[in-house]
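[1] build me a model from this:
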Amino acid sequence: RAMMLMRCLRPAATTTAILSTLTSLSPITAASRNNAAGSKFARMHMHIHTLRGGASSSTNTTDTGDSALIITRHASSSSTTNTTKYVTLAQPAPGSPFHYAFPVHDLELAKKFYGEVLGCVEGRSSEKWQDYSLHGHQIVAHWVGSDYRCQDYYNPVDGDDVPVPHTGLALTVEQFHELTDRVRAAGVPFIIEPHLRFKDAPGEQWTCFFKDPSGNNLEFKAMTKIENLFAKYNVVE
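    Residues are numbered from 1 along each chain as shown. Have a look, this model is predicted:
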């Protein structure tokens, strides 16, 4: 039993402390193991705390008679328990999901727009911010005051006055049309209507622009040939 606990617990100083404790206890027989009142060792819980990279790891070891059950709980260095309940409703995008934080003037309007209109799954939130999964990428709406509205600048791209700044995603062609139908059905006006841009060029793509309730500009596009997303060539306006 002592060797089993030594294999399960680290570091070496902890093992020495356990051996010292074990030698002070009387031997346990098979009969006493089956006797609920016969062995305080059978109920003994050892709490081992080690600092690893600033975090505390709490390990509870309970002898059940035939084997030792090891339960490890990770928490901050100031706490050894974590009672936060949570559920995961979305999975991250493959590879390296991007993180984008943006200002809003009203969190309830942001929740309705990003959650209901765009269909983004909500993750963590507080009274001041909400994060969402945008096709597995993390976007976070931060409340910055009721007076906020995005200040627009414009730049010509293939005959369109494109609002800057803007953000969005490169979707598949099918996803693009599903999204534009959803946005149109919700009554959200397009700044730039869905259309095909750079037709017959390597960068041919479907594109559209619209705003969220705080005036933040969103562009969603779909390359007709996704492998050309980063095609390098000079575009003549």
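[2] quick one: the helices in this structure?
    2-8, 12-23, 30-33, 107-110, 173-185 (DSSP state H).
[3] looking at these, which has the lowest confidence?
    Of all these, helix 30-33 carries the lowest average pLDDT, namely a mean of 41.
[4] count of neighbours near Asp200?
    Neighbour count for Asp200, taken as other Cβ atoms under 10 Å: 7. Backbone N, C-alpha and C define where each C-beta goes, glycine included.
[5] also the one 10 residues further on?
    Phe210 has 23 neighbouring residues, counting by other Cβ under 10 Å.
[6] who's it bridged to?
    Phe190, Leu218 (DSSP bridges).
[7] what's the spacing between it and Tyr114?
    Taking Cβ to Cβ, to the nearest Å as the measure, Phe210 falls 13 Å from Tyr114.
[8] and for Val173?
    In terms of Cβ to Cβ, Val173 sits 23 Å off from Tyr114.
[9] of the two, which one has the most company?
    Tyr114 (24 against 13).
[10] and the more buried one, what's its pLDDT?
    Per-residue pLDDT puts Tyr114 at 98.
[11] ok, it - contacts?
    By Cβ atoms under 8 Å, 6 or more residues apart in numbering, the contact list for Tyr114 reads 120, 130, 132, 134, 139, 141, 212.
[12] isn't the first one right up against Tyr132?
    Yes. With contacts defined as Cβ atoms under 8 Å, Cys120 counts as touching Tyr132 at a distance of 3.8 Å.
[13] what residues are shared contacts of those two?
    Shared contacts of Cys120 and Tyr132, counting by Cβ under 8 Å, 6+ apart, come down to 114, 139.
[14] about what we covered before: which neighbours do Phe210 and Tyr114 share?
    Taking Cβ under 8 Å, 6+ apart as the criterion, Phe210 and Tyr114 do not both touch any residue.
[15] now do stretch 229-237: distance from first to last residue.
    By Cα to Cα, to the nearest Å, the extent of stretch 229-237 from end to end equals 19 Å.
[16] let me fix that: stretch 96-105
    End-to-end distance for stretch 96-105: 29 Å, by Cα to Cα.
[17] give me the contact list for that stretch.
    For stretch 96-105, the surrounding residues in contact (Cβ under 8 Å, 6+ apart) are 110, 136-150, 167, 212-214, 216.
[18] go again with 6 Å.
    With contact meaning Cβ atoms under 6 Å, 6 or more residues apart in numbering, stretch 96-105 is reached by 110, 136-142, 144, 146, 148, 167, 214, 216.
[19] JSON lines please, covering these and showing distance to Gly95 and neighbour count.
    Converted to JSON lines, these look like this (distance: Cβ to Cβ, whole Å; neighbours: other Cβ atoms under 10 Å):
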{"residue": "Ala110", "distance to Gly95": "27", "neighbour count": "23"}
{"residue": "Gly136", "distance to Gly95": "9", "neighbour count": "14"}
{"residue": "His137", "distance to Gly95": "10", "neighbour count": "16"}
{"residue": "Gln138", "distance to Gly95": "13", "neighbour count": "18"}
{"residue": "Ile139", "distance to Gly95": "17", "neighbour count": "21"}
{"residue": "Val140", "distance to Gly95": "20", "neighbour count": "16"}
{"residue": "Ala141", "distance to Gly95": "24", "neighbour count": "27"}
{"residue": "His142", "distance to Gly95": "25", "neighbour count": "16"}
{"residue": "Val144", "distance to Gly95": "30", "neighbour count": "14"}
{"residue": "Ser146", "distance to Gly95": "37", "neighbour count": "9"}
{"residue": "Tyr148", "distance to Gly95": "32", "neighbour count": "16"}
{"residue": "Thr167", "distance to Gly95": "18", "neighbour count": "14"}
{"residue": "Ser214", "distance to Gly95": "29", "neighbour count": "20"}
{"residue": "Asn216", "distance to Gly95": "25", "neighbour count": "22"}
